[in-house]
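S.K.: the amino acid sequence is not available; the structure is as follows:
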């Protein structure tokens with residue numbers, strides 16, 4: 001291969017040729033921050049311009065390296081003119097560009113590469129569907145006004161979009177990455193998007209981190225984050241990002257925040273302005289929705305339907321403005337607090353199952369029942385049973401009984417009138433068997449009143465020639481407990497006494513029936 005740059009190349013391009021062969025950085029900055037800002041207004045002249053075809057020539061058919069060196073493309077402060085066409089090619093060299101400008105889009109669809117790093121660059125659009133890399137793909141701090149396409153791309157290690165700013169394409173998508181596969185971590189912390197972030201059926205081997213991201217739906221596309229059927233090998237982070245860590249960190253890696261954050265330091269929440277869909281997704285370690293804000297419009301929702309994860313942390317400082325659906329989701333630990341959930345029948349819990357409740361702040365049983373009953377207009381008995389089972393697993397049997405009592409009271413509202421009346425009697429008397437103390441109080445009251453009445457209204461014996469010993473207290477108790485013989489059966493009530501005696505018998509049977517029903521439920525639960 002030729003050791004000299006081709007004829008007709010400019011001085012900037014010839015310098016790049018030599019830098020490529022030596023594996024050095026080709027830095028064309030002038031030293032003035034305002035003039036070197038790739039996103040600024042200052043014009044970059046021919047002395048800082050390299051044609052895109054020169055980059056293509058170097059990457060696809062470049063010169064041999066200087067002996068003892070590794071050829072690589074390293075640019076800083078360069079304007080790349082024309083579309084960079086690498087689609088379908090094989091890029092064997094290391095590529096790293098810092099603070100560069102592209103005046104037209106980059107085309108890398110179906111290309112194969114090692115590691116590609118674009119840091120702090122202005123790129124009109126990146127087309128990289130079915131791109132395959134054996135190493136990282138970095139777009140940290142880049143601005144891509146017309147969006148990024150990574151559909152069905154395969155990233156060998158990490159994908160980083162930290163602090164990137166993405167605009168939308170003609171379909172209102174800022175990041176089109178359906179079918180994306182990342183072997184390790186996908187970090188998009190502090191990402192700012194003006195269009196849908198689409199990750200349908202994506203597979204992430206490690207973490208998917210959107211800490212501090214600001215996702216805005218496009219006017220003609222109501223989705224801010226569209227990620228159903230995603231598989232994450234570790235943890236999903238939709239959470240806040242500490243401001244101090246980013247302000248002094250020189251790293252574009254999300255795991256490198258710089259100094260430890262002092263207590264009370266301000267943070268930037270994850271914010272989504274539009275619909276968020278995570279339905280049917282699987283998170284092998286946890287799904288952390290903490291310090292997040294969901295600004296949902298009419299008809300929008302945070303969809304967590306049928307997700308599966310060992311732990312769901314839902315600890316938003318302000319509740320979502322729209323609906324949250326957890327229908328048929330399967331969770332291990334549910335970590336939450338009352339203020340995080342939406343109010344007013346905007347919570348879907350149909351078929352939602354969880355093993356343990358681990359509230360991050362005080363969450364009383366009355367609040368938990370209200371959380372349950374705010375989920376749906378219709379009565380859903382399985383939701384009460386699920387909550388009671390989780391409480392029993394934690395040894396909170398009293399709270400579990402409160403939940404089942406609330407279930408019976410809510411169920412009564414769905415019954416026809418006669419059943420509602422009977423249910424009301426059960427509620428008032430023994431609390432559906434969950435308030436057995438009430439039955440004792442009613443029995444004592446009825447016994448006392450009956451005894452007082454019969455103490456002043458002695459009855460006549462059934463047989464005139466047989467007069468057993470009269471005891472008004474035992475007689476009243478015998479009427480309340482008709483299956484027990486207390487030796488007071490030889491009396492013949494009449495008139496008002498007959499009505500009082502019959503009333504005691506009815507009260508006794510009602511209380512006995514409701515107590516038996518409650519005992520049966522308790523035995524079944526045991």
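M.R.: Nice, thanks for sending it over. Please read all numbers here as calculations on a predicted model, not as lab measurements. Residues are numbered from 1 along each chain as shown.

S.K.: where do the helices sit along the stretch 351-500 of the chain?
M.R.: Counting by DSSP state H, counting those that start in this stretch, the stretch 351-500 of the chain has helices at residues 365-373, 381-393, 397-412, 417-430, 436-456, 472-480, 496-525.

S.K.: adding mean pLDDT and mean neighbour count, write those helices out as a markdown table.
M.R.: Using the backbone N, CA and C atoms, a C-beta is placed for each residue, glycine as well. Formatted as a markdown table, these follow (pLDDT from 0 to 100; neighbours: other Cβ atoms under 10 Å):
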| stretch | mean pLDDT | mean neighbour count |
| --- | --- | --- |
| helix 365-373 | 87 | 17 |
| helix 381-393 | 88 | 18 |
| helix 397-412 | 80 | 19 |
| helix 417-430 | 70 | 15 |
| helix 436-456 | 74 | 15 |
| helix 472-480 | 76 | 21 |
| helix 496-525 | 69 | 15 |
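
S.K.: want to try TSV for these, with distance to residue 324 as columns?
M.R.: Listed next are the helices of the stretch 351-500 of the chain as TSV, based on distance: least, Cβ to Cβ, whole Å:
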stretch	distance to residue 324
helix 365-373	11
helix 381-393	15
helix 397-412	21
helix 417-430	32
helix 436-456	37
helix 472-480	51
helix 496-525	30
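
S.K.: so where is the stretch 201-350 of the chain shaky, pLDDT-wise?
M.R.: For the stretch 201-350 of the chain, residues meeting the criterion pLDDT under 70 lie at 244-264.

S.K.: how about the contacts made by the nearest residue to residue 415 once chain neighbours are set aside?
M.R.: Leaving aside its sequence neighbours, residue 415 sits nearest to residue 423 (Cβ to Cβ, 6 or more residues apart in numbering; 6.4 Å). Taking Cβ atoms under 8 Å, 6 or more residues apart in numbering, we find residue 423 in contact with 408, 411-412, 415, 432.

S.K.: is the most centrally placed residue in the chain in a helix, a strand, or coil?
M.R.: With distances taken as Cα atoms, centre = their mean, residue 289 lies nearest the centre of the chain, 5.0 Å away. Using DSSP: H, G, I helix; E, B strand; the rest coil, the structure places residue 289 in strand.

S.K.: quick one: contacts for it?
M.R.: Residues in contact with residue 289, defined by Cβ under 8 Å, 6+ apart, are 238-239, 312-316.

S.K.: beta-bridge partners for it, please?
M.R.: Using DSSP bridges, the beta-bridge partners of residue 289 come out as residue 238, residue 314.

S.K.: could you find the closest non-adjacent residue to residue 138?
M.R.: Closest residue to residue 138 apart from its sequence neighbours, by Cβ to Cβ, 6+ apart: residue 117 at 4.1 Å.

S.K.: again with residue 356
M.R.: Closest residue to residue 356 in three dimensions, ignoring its sequence neighbours and counting by Cβ to Cβ, 6+ apart: residue 333, at 5.0 Å.

S.K.: now swap in residue 174 and tell me
M.R.: Among residues not flanking residue 174 along the chain, residue 195 sits closest, at 3.4 Å (Cβ to Cβ, 6+ apart).

S.K.: and residue 178, by the same measure?
M.R.: In this structure, residue 178 finds its nearest non-sequential neighbour in residue 200, 4.3 Å apart by Cβ to Cβ, 6+ apart.

S.K.: for residue 128, same thing?
M.R.: residue 108 (4.3 Å).

S.K.: who touches stretch 7-22?
M.R.: Stretch 7-22 is contacted from outside by 3-5, 24-26, 28, 46-51, 54, 58, 62-66, 69, 71-75, 78, 93, using Cβ under 8 Å, 6+ apart.

S.K.: and the buried ones among these, selectable in ChimeraX?
M.R.: Here is the ChimeraX selection string for the buried members of the contacts of stretch 7-22, based on 16 or more other Cβ atoms under 10 Å:
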select :5,26,28,48,49,50,51,54,58,62,63,65,71,72,73,74,75,78,93
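
S.K.: in helices only, show me the contacts of stretch 7-22.
M.R.: Per DSSP state H, helices hold the following members of those: 54, 58.

S.K.: got any ranges where the stretch 1-150 of the chain has weak pLDDT?
M.R.: Within the stretch 1-150 of the chain, the segments meeting pLDDT under 70 span 1-2.

S.K.: try 80
M.R.: Filtered on pLDDT under 80, the stretch 1-150 of the chain yields the residue ranges 1-3.

S.K.: would you agree residue 128 is in contact with residue 105?
M.R.: No. Assessed by Cβ atoms under 8 Å, residue 128 is found out of contact with residue 105, at 10.4 Å.

S.K.: with neighbour numbers in mind, choose between the two.
M.R.: Using other Cβ atoms under 10 Å as the criterion, residue 128 and residue 105 rank with residue 128 on top: 25 against 18.

S.K.: residue 157 and residue 136: what is the separation?
M.R.: Distance, residue 157 to residue 136, by Cβ to Cβ, to the nearest Å: 5 Å.

S.K.: what do you get for residue 502?
M.R.: Distance, residue 502 to residue 136, by Cβ to Cβ: 87 Å.

S.K.: what's near enough to touch residue 353?
M.R.: With contact set as Cβ under 8 Å, 6+ apart, residue 353 has these partners: 329-331, 386.

S.K.: so which of the residues you listed is the closest to residue 506?
M.R.: Within the set of those, residue 386 lies nearest residue 506; the separation is 38.1 Å, counting by Cβ to Cβ.

S.K.: surely that closest one and residue 355 touch.
M.R.: No. Between residue 386 and residue 355 there is no contact under Cβ under 8 Å: 10.1 Å.

S.K.: how about the residue nearest to residue 174, what does it touch?
M.R.: By Cβ under 8 Å, 6+ apart, the contact list for residue 195 reads 147, 166-169, 172-175, 216-218, 221.

S.K.: in CSV, list the residues you listed along with distance to residue 304, neighbour count and secondary structure.
M.R.: Output for the contacts of residue 195, formatted as CSV (distance: Cβ to Cβ, whole Å; neighbours: other Cβ atoms under 10 Å; DSSP: H, G, I helix; E, B strand; the rest coil):
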residue, distance to residue 304, neighbour count, secondary structure
147, 26, 26, coil
166, 24, 27, strand
167, 28, 19, coil
168, 25, 22, coil
169, 27, 22, coil
172, 23, 18, coil
173, 22, 24, strand
174, 22, 29, strand
175, 21, 29, strand
216, 21, 19, strand
217, 18, 28, coil
218, 23, 21, strand
221, 21, 19, strand
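
S.K.: of the residues you listed, just say which sits nearest to residue 207.
M.R.: Closest approach between the contacts of residue 195 and residue 207, by Cβ to Cβ: residue 175, at 17.1 Å.
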